[in-house]
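[1] When you get a sec, could you give me coordinates for this:
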Amino acid sequence: QVQLVESGGGLVQAGGSLRLSCEATGRTFSNYAMAWFRQDPGKEHNMRDFVAAIDGNSSSTEYLPSVKGRFTISRDNAKNTVYLQMNSLKPEDTAVYYCAADPSYGSPWYGFGHYWGKGTLVTVSS
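    Reported below is the predicted structural model:
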């Protein structure tokens, strides 16, 4: 069992920055690929969109095209924590951000996520 707790969300103006953190407890953190997903609270569907992922030893990362160059995923295995640095935020980045852990790294990302956190809300005002 892996427990994930996100933090760092909040309200920020367009163009600003936030850093999300996700701390994991339970099993060996480095054995898991980690990813961030987001869900727009204003939309009717419940789909969570893939944002970024990183493998267990930080050798591979992947990003949603619309956030590439603005967001950076990283991890610190000594602290059992994965981060999402978000710069140049836009109103369309407003969402609940979730971190997820999975033994396997790689697309299709819609199948990723053996464990999930409860999410942290990011609101970007225009």
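[2] contacting residues for Ala53?
    Residues near Ala53 by C-beta atoms under 8 Å, 6 or more residues apart in numbering: Ala33, Met34, Ala35, Trp36, Thr61, Glu62, Ile73, Tyr105, Trp109, Phe112. No exception for glycine: its C-beta is placed from N, CA and C like everyone else's.
[3] again with Tyr83
    Per C-beta under 8 Å, 6+ apart, neighbours of Tyr83: Arg19, Leu20, Ser21, Cys22, Thr72, Ile73, Ser74, Arg75, Asp76.
[4] and Ala53, what are its bridge partners?
    Ala35, Glu62 (DSSP bridges).
[5] Look up how far Ser60 lies from it.
    Separation of Ala53 from Ser60 (C-beta to C-beta, to the nearest Å): 8 Å.
[6] next one: Ile54
    7 Å.
[7] who's more crowded, the two?
    Ile54 (22 against 12; other C-beta atoms under 10 Å).
[8] measure the more buried one to Pro41 for me?
    Taking C-beta to C-beta as the measure, Ile54 and Pro41 are separated by 25 Å.
[9] Next: Tyr110.
    Tyr110 is 20 Å from Pro41, by C-beta to C-beta.
[10] hmm, back to that, anything in contact with each of Ile54 and Ser60?
    What both Ile54 and Ser60 touch, as defined by C-beta under 8 Å, 6+ apart, is the set Tyr105.
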